[in-house]
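Visitor: Need coordinates for the below:
(6 chains)
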Protein chains: 6
Amino acid sequence: MRPSGRASDELRPIRITRRFTRHAEGSVLIEFGETRVVCNVSVEEKVPPFLKGKGQGWITAEYGMLPRATKERTQREAAKGKQGGRTMEIQRLIGRSLRAMVDLTKLGERTFTVDCDVIQADGGTRTASITGGCVALVDALDHLRGAKGLAANPLLHLVASVSVGIREGAPILDLDYIEDSSADTDSNYVMSEGGGFIEVQGTAERGTFSRAQLEAMTALAEKGIRELFAHQRQALGQK
Amino acid sequence: MRPSGRASDELRPIRITRRFTRHAEGSVLIEFGETRVVCNVSVEEKVPPFLKGKGQGWITAEYGMLPRATKERTQREAAKGKQGGRTMEIQRLIGRSLRAMVDLTKLGERTFTVDCDVIQADGGTRTASITGGCVALVDALDHLRGAKGLAANPLLHLVASVSVGIREGAPILDLDYIEDSSADTDSNYVMSEGGGFIEVQGTAERGTFSRAQLEAMTALAEKGIRELFAHQRQALGQK
Amino acid sequence: MRPSGRASDELRPIRITRRFTRHAEGSVLIEFGETRVVCNVSVEEKVPPFLKGKGQGWITAEYGMLPRATKERTQREAAKGKQGGRTMEIQRLIGRSLRAMVDLTKLGERTFTVDCDVIQADGGTRTASITGGCVALVDALDHLRGAKGLAANPLLHLVASVSVGIREGAPILDLDYIEDSSADTDSNYVMSEGGGFIEVQGTAERGTFSRAQLEAMTALAEKGIRELFAHQRQALGQK
Amino acid sequence: MRPSGRASDELRPIRITRRFTRHAEGSVLIEFGETRVVCNVSVEEKVPPFLKGKGQGWITAEYGMLPRATKERTQREAAKGKQGGRTMEIQRLIGRSLRAMVDLTKLGERTFTVDCDVIQADGGTRTASITGGCVALVDALDHLRGAKGLAANPLLHLVASVSVGIREGAPILDLDYIEDSSADTDSNYVMSEGGGFIEVQGTAERGTFSRAQLEAMTALAEKGIRELFAHQRQALGQK
Amino acid sequence: MRPSGRASDELRPIRITRRFTRHAEGSVLIEFGETRVVCNVSVEEKVPPFLKGKGQGWITAEYGMLPRATKERTQREAAKGKQGGRTMEIQRLIGRSLRAMVDLTKLGERTFTVDCDVIQADGGTRTASITGGCVALVDALDHLRGAKGLAANPLLHLVASVSVGIREGAPILDLDYIEDSSADTDSNYVMSEGGGFIEVQGTAERGTFSRAQLEAMTALAEKGIRELFAHQRQALGQK
Amino acid sequence: MRPSGRASDELRPIRITRRFTRHAEGSVLIEFGETRVVCNVSVEEKVPPFLKGKGQGWITAEYGMLPRATKERTQREAAKGKQGGRTMEIQRLIGRSLRAMVDLTKLGERTFTVDCDVIQADGGTRTASITGGCVALVDALDHLRGAKGLAANPLLHLVASVSVGIREGAPILDLDYIEDSSADTDSNYVMSEGGGFIEVQGTAERGTFSRAQLEAMTALAEKGIRELFAHQRQALGQK
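Guide: Here you go, the predicted model:
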C-alpha cells in the first residue's frame, strides 16, 4: 500500500489551466496533485551568441521555487546570489526535453524561454514542469504562427514526463513528497508522443536497483506518460 | 477620464484569498485588479544576529517577481546573481510597514519572513504586497498563538497601503500600469487602521508637485485605505 | 530642547566647497555640520542602452561611505561584493532628484554620473548628497557648455534636500545622528527652487504620525530648503 | 565502423596511476584513452551542518577542468565567479555515485572530498572521474583505517562508470569526443561491483531512442563496467 | 629634466593632517603633492579565525579609490561586485608593511583595520597609504594604550614608503602620474626607521633594468624615506 | 645547513616536459623538485577592448591550484565564487613577466593566454610558472609562425624566475615549502636571458633585511636564473 493510497500505477489528479497569466505568449498552471507549477513562455527576436547567423531558433528553460513552496522555507536564490546545483540540473533537463519537441530550424532566429516557477511543491516538480511547459510552448508556437505567418509548423510532437520509484521493492508511479522521501530508487522519464524516449534518469537513493527493476520502471513510465498525453490533448481542446 | 474608466477615487476590484498555499503559516493571494501577489509568511525560531538575546522578535520581507509577471520578460534575479535596487527598495518598505503592525517584544525570539511574489504585475505591486502581507501575517500570528499559547496578542493594528498619483493635474487613486506610466507624480501611502501614517512616499516623475497636490493625494489615500481595511476585515471573517 | 541645542527650525552650519578635487567636471565638498560628503560629477559621451539613439542624455548617481565614516566601522561594500539595500535606495533617490533639475533632451547623448562619497557621517547624508550634488552638477553643466558650446542651457532649476523629524511630539529640522536615533518619525524632502516638491518620504520609526504632523514637517522642510538654496547660490557666486 | 576504429563494445585503453600527488589521502590519475583526470581525496574531521551530531560521515565531490583541457579554451570558472550548470550537474553525480560505495555510518563524523580535475578532455570525463575517484577513495579509506584504527570497514563495494551511445543506429561503448559529438543518444551508467545499478542517465541528442535501444545500451554498459572493475582491482593490487 | 621640474632626488610637498575624521581611533589625511589619501584605523576586540586563542593581535589593510580620484572615472568596485587585482595587491602590501612596525604579541586579541581611501590620485597612492597609515596607526596605538592601559608599547619602529623610477636612463624619486606613465622602471620601497628594508618591488615597464640601476634606485629610496620619517615625526609632534 | 640538505646556491632538480597536453598551442609541465605546474598557452584572434584597433597583440596569464595541491586542502576558488588576493597578485606577476619577452607589436591582434595550474605545491609555484610559461610561450609563438607565416619573430629573449631567501642570516636559492616557512626574507626575481631584471620583489617576513643582504640575494638569483636558462634551452633542443 502506498502512503498516498493510490494504486501503484495511478497518477495523481492532473489539472492543466491554460492562459494562467496574461502577458506571456504561452502560460499554463499545471497541477500534479498538490504540486503546482506556473509555466510561462516568452518569445524574443534574438538567439544566444553561439547561434547567431545560423538561421535557427533556440528554446531554453529556467526553474525556480517560491521560497515557501516547500515544507520548510528555502532561502531565496536571488538573495543568496546564485542558483543552486539542483536548480541548474532541473532547468537544463527541462530545456533539453522541450527542445526535443520542436524543429529549431523552423523557428527563425528567435528564443523561447520557458519559465517554470513552483508555487507549491509536493514531489515531481520537474516532471510537472516539462509536461506543463510543453502545453505552454504549443500555445506560444500557435501565437507566433498567427502573429508572424510562419509557413511551416515547428512542432514535431508533444513531450511529457513522469517520475517512477521503487518503494518496498515495488515500482510506483508519480511519487508525491512523502513517497519520494521513502523510495529506494527514484527515476524520471521524458517521452515523445510517438513513444520514443528523450530522457531516462534513474538514481538509487539506497542500495542499488536491478535490471529487472529498471525494466519495470520503464514500463510504468510508459503507461503514465500515455495518460499525460491525453491530459495535454484535452487541455489543448484536441481529441 | 482615467484610462481605466474608473472614478478618480475608485479602487480596482480587490480580492483576498487566504490559505492560498498549504505549507506557509500564513498564505494570501491578493489581487488589485490584474495585479496578483502571493504573500507567504514563514516563522522561524531564531532572530537575526543584532537581536540575539534581546528577548524580542523580528519581521522581515522579501519581494520578487516571476520573470514574466511583466509585459516584457524581466531577467530572473537568481540568474543575474543579485537583487536589483528596485527590489531592495520595495522589500525594505514592506518590512518596515509590517513591523509597524506588531509589538515585536511579544513575539518571543522568532522571525517572521513575509515573501511577496508577484505572479502578474499591473501597477501597485508594493501596495498590494503590504495589504496582502498584513492579512497573511495576522493568520501566522493566530497560528503561532494557537501552537505556542502566547499570553499576549502581538497584533497592534492592521496596516494597508495604496498608491495615488497626479495625472493631467488631478489626483487619482490606485493606479494601474498604464495610468502609472502616464502620471506626473506617483505616491505610495501606508497607514494603520487607527488612521495614523506609517509611510508616505511621493515622487515627481515629471515637473514637481505643489503642497496643495500633496494634501489632495493624502486625502485620497486615506479614503482608499479605509476601504482596504474593510476588505481585509471581510477576508478575515470579521465585521 | 534638542540634543544639539539648536532651535527646532535651525539648520546645522552649512559649508559648500567647490573644486574640491581636480579631475572631476564638477567637484563639491558639502558639510551639514559634522556630516561631510564629496560629490564628484563625471561626464561620459555615451548613454545607457535603453536611451541609445533617442537624442537625450542621462543623469545617474552612486553613493558610498568610507568604512569608518560611521561611529563603528561598516564593512566595505567592495569587499563584501555587493551594495546593500540602504545604499541602493539612497543612490536611486539622489539620481531621481538630480534628474529633475535638468532638461535631459538638451544634454546630448551624454551621461552625468554623480558620485556621492561620505567621508564622515552624522545624519542627513542623503540630503547633503542631493544638495551638494546639485552644485557639482551646475559646475559640470557649465564646464560642458564651455567645452562643447551647447546652444541651450539644460538647467531647469536648483534642487535641495533636508530632513525633518518628529521628536518628543515636535517637528525638528535637519537631524544629526543622535537626534535621528531618538526621533519617532523621520522624513526627507527634496524641492526645486521654484517651490515645488520633487520627493517626499516620511517614515514612522515608532508608532505613527498624524496628518497635522505631516503638514508641520512639510512646512519646516520648506523653510529649511529655502535657506539651502541661499547657501547654494552663495557658493556659486550668485546673488 | 566507429570513428575511433574500435569495436562497438571495446573500451579505450584504461590506465590508473595511484599516489599521483603526494599530499592527498588518496590520489589517482585515471586515463580513458586521451581523457585524463586527477582524482584527489581529502579527509576532514567535520561534517556539513545538516549532519552535525548524527554520528555519521559524508562524501562529496567537486569537479573542474583546466581551462585548456578542451579543444578551445574554456573560461576559468574561478575567474567567471561561478561554477556552470554542467559542472554542478557532474559533481553532484560523482558525489551521489561515490556515496553509494560506502556505509556512511562507519566513517565517523568526517567528510571525504573527492576533487576530480580534468587535465585533458576527450569525452567521458564524468565516467572517468567516478571510476578513478572510486580507487582514490579506497586508498583514503585504507589510510584512515591505518591512522585511526577503525573497527569496521566502511567500504561496501567498488563502483565504476561508463558511457554508451547510439550512433548510426548502433550502440557503442565508451565514446570519445568525436563519437560523442556525432551520437544520437548519449548515456552514462554507474554500477556497483555486485551488479546493481546506481545511476542510469540516457539522453536523446537528436530524435528519440526506443525501449530496445535502451536495453541494448544497458547490456553494453554492464559489459564495459565489468572490465573497469578488473582494471580497478588490478590497480589496487588485488586479484 | 623631470616633467614636474623637481630635482631627481626631490620629494613632492608632503602634508600630514592628523585627526582628519572624528570617529576613527587614528585618522590621517596624507598628501604627496596632488595625491591625497585618507587613512583611518579601526580597532576591534577580535581576531581573524586563524589567530583565535593565540593571544596575539592582527593588523590588516583595505584600499579603495573614490571613482573620480582618477583622471577618467574608474568603475566603483562595490558596484562591480568585486575588488580588482590591483586593489588586492596594494592592500596586501600595505597590510604586510604596517604589520612590520608592531609587535603583534603585545596587541592582545585585537584587530586593527587600516582603511586607505584615495580622494585624489596623482601617482604614489600605495606609498602615501603606507606612510600615512603608519602615523594613523601610531595614533590608534596611543589611543588604545590610554583606553586599555597596556603595559608594553607594541610599536617597534615607524615605517615609510616611496616610489623610485628610471626615466630616460636616470633614477628619479617619488613619481607623479605623468612621470610614472613615462618611466621605464617603476619601483616601490618600504623601510623601517632603523634603516632596514621591509619590501622592495621593482618592475620593468619597458625593457629591463641593470644591477647598477637597481642599486641607484635603492640609494635614492633610502634618501627619500629618511625625509619621510622626518615628516612623520614632525606630524606626531616629536623631534 | 638547509632543511633540504642542498647547498645554499643549489637549485632543486628541474624538469621541463613539452607537449604535456594535446590541445594547447604550447603546453609544458615544469617541475622544481616536488613543485609541479602545468603551463598551457592558448591563442585567440582578438585583443582586449583597450587594445582594439591598435595593431598589436597581448599576453595575459591566469593562475590556479588544484584544491589538494597543498598540504591541507584549499577551498576551490570556482566554488567560493572569486579568486583570492594571492592568486590575483601571482597571475599579474606572471603576465607582466611574460609580456617582457615578446615584441607585442609583432603579434598581430591576438591574445596569448598562459594558464598556469599547480598540480602539486612545494614552494616556488610562481617562479616555476614563469619559467615554464616562457617555454610554453616559445612553442606557441613557433606554432603561430608556422600556421600564420609571420614575417618577424616576436620573441625578444627568454625569461626565467627563481626565489631567494634569507634563512638564519644566510641567503639560500630556490626555497621549498619548509624553507620558505622558516625564512626571514623571501624574494622573487625575474630576469631576461640578456641579464637584465624584469621584476625584483623582496619581502621581510620577520624583522627587516639590509642593503648587503639585498645585494647578496640579487647575486644568488642571477646565478640560479642563469642555470634555469640552460634548462630552458635544453628543453627547447637548443644548445
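Visitor: how about the closest residue to A:Gly33 other than its chain neighbours, what does it touch?
Guide: Nearest residue to A:Gly33, sequence neighbours excluded (Cβ to Cβ, 6 or more residues apart in numbering or on different chains): A:Arg12, at 3.2 Å. Glycine gets a C-beta too; all of them are placed from N, C-alpha and C. A:Arg12 is in contact with A:4, A:6, A:32-35, A:174, A:176, counting by Cβ atoms under 8 Å, 6 or more residues apart in numbering or on different chains.
Visitor: ditto for A:Ser161
Guide: A:97, A:126-127, A:130-131, A:188-191, A:199, A:225, A:228.
Visitor: residue closest to the middle of chain A?
Guide: What sits nearest the mean C-alpha location of chain A, by Cα atoms, centre = their mean, is A:Ile130, with 1.3 Å.
Visitor: Chain A against chain D: which residues are in contact?
Guide: Residues of chain A lying near chain D by Cβ under 8 Å from any Cβ of the partner chain: A:82, A:84-86, A:88-89, A:91-92, A:96, A:100, A:187, A:191-192, A:194-204, A:207-211, A:214-215, A:218, A:222.
Visitor: Which single residue in chain A comes nearest to chain C?
Guide: Closest approach of chain A to chain C (Cβ to the nearest Cβ) occurs at A:Gly81, with a separation of 7.3 Å.
Visitor: count of neighbours near that residue?
Guide: 18 (other Cβ atoms under 10 Å in any protein chain shown).
Visitor: what does the one 5 residues further on give?
Guide: Using other Cβ under 10 Å, the number of residues around A:Arg86 comes to 14.
Visitor: try A:Ala24
Guide: By other Cβ under 10 Å, 28 other residues sit near A:Ala24.
Visitor: what does A:Leu173 give?
Guide: For A:Leu173, using other Cβ under 10 Å, the count is 24.
Visitor: Could you do A:Ala160 as well?
Guide: A:Ala160 has 27 neighbouring residues, counting by other Cβ under 10 Å.
Visitor: which stretches of chain A have low pLDDT?
Guide: In the predicted model of chain A, residues A:239 satisfy pLDDT under 70.
Visitor: where's whichever residue of it sits closest to chain F relative to A:Pro48, distance?
Guide: Closest residue of chain A to chain F, Cβ to the nearest Cβ: A:Lys82 (7.3 Å). Separation of A:Lys82 from A:Pro48 (Cβ to Cβ, to the nearest Å) stands at 20 Å.
Visitor: rewinding a little: quick one: which of the contacts of A:Arg12 is nearest to B:Val43?
Guide: For the contacts of A:Arg12, the closest approach to B:Val43 (Cβ to Cβ) belongs to A:Glu34, at 21.0 Å.
Visitor: What sits closest to that closest one if chain neighbours are left out?
Guide: Using Cβ to Cβ, 6+ apart and skipping the chain neighbours, the partner closest in space to A:Glu34 is A:Asp122 (3.8 Å).
Visitor: buried stuff in stretch A:43-60?
Guide: Going by neighbour count (16 or more other Cβ atoms under 10 Å in any protein chain shown), the buried part of stretch A:43-60 is A:43, A:47, A:57-60.
Visitor: the helices in chain A, which residues?
Guide: Per DSSP state H, chain A carries helices over the ranges A:77-80, A:85-99, A:125-148, A:177-182, A:211-235.
Visitor: From the contacts of A:Ser161, pick the one nearest chain D.
Guide: Distance to chain D across the contacts of A:Ser161 (Cβ to the nearest Cβ) is lowest for A:Glu199, with 5.5 Å.
Visitor: Hmm, A:Leu93 and the closest one touching each other?
Guide: Yes - the pair A:Glu199 / A:Leu93 is scored as a contact, 6.5 Å apart, by Cβ atoms under 8 Å.
Visitor: what do the two both touch?
Guide: Overlap of the contact sets of A:Glu199 and A:Leu93 (by Cβ under 8 Å, 6+ apart) consists of A:188, A:190.
Visitor: Those residues of chain A touching chain C, which are they?
Guide: So chain A meets chain C at A:Gly81 (Cβ under 8 Å from any Cβ).
Visitor: Can you pull up the residues of chain A that come close to chain B?
Guide: So far as Cβ under 8 Å from any Cβ goes, chain A lies against chain B at A:21-24, A:27, A:34, A:38, A:40, A:42, A:44, A:62, A:64, A:66-71, A:73, A:76-83, A:87, A:113, A:115, A:117, A:119-120.
Visitor: are any of those residues buried, and which?
Guide: A:21, A:23-24, A:27, A:34, A:38, A:40, A:42, A:62, A:64, A:66-70, A:73, A:76-78, A:81-83, A:87, A:113, A:115, A:117, A:119-120.
Visitor: Restricted to strands, list those.
Guide: Using DSSP state E, the subset of those located in strands is A:27, A:38, A:40, A:42, A:62, A:64, A:113, A:115, A:117, A:119-120.
Visitor: In JSON lines: those, plus distance to C:Ile16.
Guide: Output for those, formatted as JSON lines (distance: Cβ to Cβ, whole Å):
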{"residue": "A:Ser27", "distance to C:Ile16": "55"}
{"residue": "A:Val38", "distance to C:Ile16": "53"}
{"residue": "A:Asn40", "distance to C:Ile16": "51"}
{"residue": "A:Ser42", "distance to C:Ile16": "49"}
{"residue": "A:Glu62", "distance to C:Ile16": "49"}
{"residue": "A:Gly64", "distance to C:Ile16": "48"}
{"residue": "A:Thr113", "distance to C:Ile16": "50"}
{"residue": "A:Asp115", "distance to C:Ile16": "50"}
{"residue": "A:Asp117", "distance to C:Ile16": "50"}
{"residue": "A:Ile119", "distance to C:Ile16": "54"}
{"residue": "A:Gln120", "distance to C:Ile16": "57"}
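Visitor: show me the contacts for the nearest residue to A:Gly194 once chain neighbours are set aside.
Guide: Spatial nearest neighbour of A:Gly194, chain neighbours left out: A:His157 (5.4 Å); criterion: Cβ to Cβ, 6+ apart. Counting by Cβ under 8 Å, 6+ apart, A:His157 makes contact with A:101, A:192-194.
Visitor: So which of those wins on neighbours?
Guide: Going by other Cβ under 10 Å, A:Met101 tops those with 24 neighbours.
Visitor: Looks like that one contacts A:Ala160 (just checking).
Guide: No - assessed by Cβ under 8 Å, A:Met101 is found out of contact with A:Ala160, at 9.8 Å.
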